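*Asks:* coords below, sequence missing:
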């Protein structure tokens, strides 16, 4: 029998390879993807998810993204090997939240691009970016220099799929149109699928917008002005999702577009301060028969007459509609404006999302005992209702007794009530 010390026993087979070397990069990449979830760099461009995205940037999702960004930053600092593996996850979704961050980022991206162009192996960091959110909130010191750097950044994003603008910082409104160089700098003609402007800051001129659409005919989702330079017609045959308003602030002319594939729409109903603006009849008469899902947005209040006119147009024109989603600022809007409305007979399901964080006992009782029964009695083909966001589900569950009675009432009418995960809604998780 050979005697062996503990020290000798534990070190009989030393390994010179580290754990990073032993595990293939493909497996590390999968591990990093799970560790840095959720991924908001890409969205489904069809169905309800595309409607939520075009309607507005979700604050809960933004918080989750910022938390995941902390993990990504730690990963790239572990070692050179992890840096190269984790780099795609760090830069796949870029948010430009301040103007002062744009110039340093521009310098980093240009330097990375120059290194790749000089025949160094690998890809530049901009190559990995799938989504860019331009959302400066700070005061602009030298907006022209910042926007010039923005154009240089966008020139580095050759695989960009999603581009959004939601700028609110002071100073950017002084320079009203977006400089022509910004949209012209894009080098992602084959990959760009989504372009959204969430407010009126830094909108392109009509001429620049027309030129942009002419070379980006593969776009699948647009939130922007449907207005072209005179004597122009643009084919957007890949476009599936659009955003329209009941009373557009800016001129629109949908007749100048070929929108043969549009089947999902967000339709915003809001109070207009300009009596000259007219109801948007053209949208329903031109595209109503193509729509399969529509989301009705009312985020700051509206007149009952606008809801009535909208539902009248939908009943007349939207013969293939299967789902209606409501994205409303308060329960009182649903309880007062939706009952009595008749939907097209083809509608089988409803989605409900309330941006207000709470619901009173009065509102929840009114919803289940008056508003919802009135809606269902007018629309007998509706057999499913889904609460589409976790915040609204939490608000309902804060009144468990009222929710239990409400679920029983809806079930007795032969209708399923689902939560945001498409499971039967319960009073507790």
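*Replies:* Received, thanks. Given the structure is predicted, the values throughout are model-derived calculations rather than measurements.
*Asks:* what are the ranges of the helices in the stretch 251-400 of the chain?
*Replies:* In the stretch 251-400 of the chain, the helices defined using DSSP state H, counting those that start in this stretch lie at 281-287, 304-317, 331-337, 361-366, 372-378, 390-397, 400-412.
*Asks:* wait, which of those is closest to residue 212?
*Replies:* Across these, residue 212 has its closest neighbour in helix 281-287 (21.6 Å, C-beta to C-beta). C-beta here means a position set from N, CA and C on the backbone, and glycine is covered the same way.
*Asks:* Flag the shaky bits of this structure, pLDDT-wise.
*Replies:* For the chain, the stretches flagged by pLDDT under 70 are 1-48, 57-62, 65, 68-86, 117-122, 174-175, 273-277.
*Asks:* center of this structure, which residue is that?
*Replies:* residue 53 (1.9 Å; C-alpha atoms, centre = their mean).
*Asks:* Tell me if I'm right that that one and residue 221 touch.
*Replies:* Yes: with contacts counted by C-beta atoms under 8 Å, residue 53 reaches residue 221, the gap being 7.4 Å.
*Asks:* Now do the shared contacts for the two.
*Replies:* 194, 196 (C-beta atoms under 8 Å, 6 or more residues apart in numbering).
*Asks:* coming back round to it: winner for burial among the helices of the stretch 251-400 of the chain?
*Replies:* Most buried of those, by mean neighbour count (mean count of other C-beta atoms under 10 Å): helix 331-337, with a mean of 20.
*Asks:* ok, and what's touching that helix?
*Replies:* 298, 301-302, 304, 307, 326, 328, 352, 354, 356, 359-360, 363-364, 366-367, 370-371.
*Asks:* Now, the residues you listed that are in strands?
*Replies:* With DSSP state E as the criterion, strands contain 298, 326, 328, 352, 354 from among the contacts of helix 331-337.
*Asks:* how about those residues, which pair is most distant?
*Replies:* 298 and 352 (12.2 Å).
*Asks:* So for the two, which sits in the more crowded spot?
*Replies:* residue 298 (25 against 22; other C-beta atoms under 10 Å).
*Asks:* Identify the residues contacting that one.
*Replies:* 268-270, 307, 326-329, 333, 337.
*Asks:* Closest to residue 234 out of the residues you listed?
*Replies:* For the contacts of residue 298, with residue 234 as the reference and C-beta to C-beta as the criterion, the closest is residue 268, at 22.6 Å.
*Asks:* now the closest one, which residues is it bridged with?
*Replies:* residue 245, residue 297 (DSSP bridges).
*Asks:* Surely it touches residue 297?
*Replies:* Yes: using C-beta under 8 Å, residue 268 is in contact with residue 297, at 4.3 Å.
*Asks:* Of these two, give the one with the bigger neighbour count.
*Replies:* The residue with more neighbours, out of residue 268 and residue 297, is residue 297; 26 against 20, by other C-beta under 10 Å.
*Asks:* Distance-wise, check that one relative to residue 320.
*Replies:* 21 Å (C-beta to C-beta, to the nearest Å).
*Asks:* Equivalent analysis for residue 246, please.
*Replies:* 21 Å.
*Asks:* So between the two, which is more surrounded?
*Replies:* residue 246 (25 against 12).
*Asks:* Let me see the backbone angles for the more buried one.
*Replies:* Backbone geometry at residue 246, expressed as degrees, to the nearest 10, gives phi -70, psi -40.
*Asks:* what sits against it?
*Replies:* Per C-beta under 8 Å, 6+ apart, neighbours of residue 246: 267-270, 279-280, 302, 306, 309-310.
*Asks:* Show me the helices in the stretch 101-250 of the chain, by range?
*Replies:* With helices called from DSSP H, counting those that start in this stretch, the stretch 101-250 of the chain shows them at 102-117, 143-155, 180-184, 206-215.
*Asks:* Which of these sits closest to residue 381?
*Replies:* Here helix 206-215 is closest among the helices of the stretch 101-250 of the chain (C-beta to C-beta), at 37.6 Å.
*Asks:* which of the helices of the stretch 101-250 of the chain is buried the deepest?
*Replies:* helix 143-155 (a mean of 20).
*Asks:* Just give me how far that one sits from the chain centre.
*Replies:* 24 Å (C-alpha atoms, centre = their mean, to the nearest Å).
*Asks:* again with stretch 419-429
*Replies:* With C-alpha atoms, centre = their mean, you get 23 Å for stretch 419-429.
*Asks:* repeat for stretch 154-163
*Replies:* Using C-alpha atoms, centre = their mean, the offset of stretch 154-163 from its chain centre is 17 Å.
*Asks:* swap in stretch 105-116?
*Replies:* With C-alpha atoms, centre = their mean, you get 28 Å for stretch 105-116.
*Asks:* Make residue 1 into 664 and carry on from there
*Replies:* Okay, using 664 as the starting number, the last item reads as stretch 768-779.
*Asks:* Give me the contacts around that stretch.
*Replies:* By C-beta under 8 Å, 6+ apart, stretch 768-779 touches 757, 759, 785-790, 812-813, 815-816, 819.
*Asks:* any idea how far residue 831 lies from residue 765?
*Replies:* 15 Å.
*Asks:* coming back round to it: what would the ones in strands among the contacts of helix 994-1000 look like in a markdown table with distance to residue 729?
*Replies:* Below are those laid out as a markdown table (distance: C-beta to C-beta, whole Å):
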| residue | distance to residue 729 |
| --- | --- |
| 961 | 29 |
| 989 | 29 |
| 991 | 27 |
| 1015 | 28 |
| 1017 | 24 |
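*Asks:* Nearest to residue 1073 among the residues you listed?
*Replies:* When these are compared against residue 1073 (criterion: C-beta to C-beta), the nearest one is residue 1015, at 11.8 Å.
*Asks:* Please look at the closest one and residue 1056 and confirm they touch.
*Replies:* No: in this structure, residue 1015 is not within contact of residue 1056 by C-beta under 8 Å, at 10.2 Å.
*Asks:* shared neighbours, the two?
*Replies:* Joint contacts of residue 1015 and residue 1056 (C-beta under 8 Å, 6+ apart) are residue 1050.
*Asks:* which residues are in contact with stretch 1076-1092?
*Replies:* So stretch 1076-1092 is contacted by 1036, 1039, 1045-1053, 1055-1056, 1059-1060, 1063-1064, 1066-1067, 1069-1070, 1073-1074 (C-beta under 8 Å, 6+ apart).
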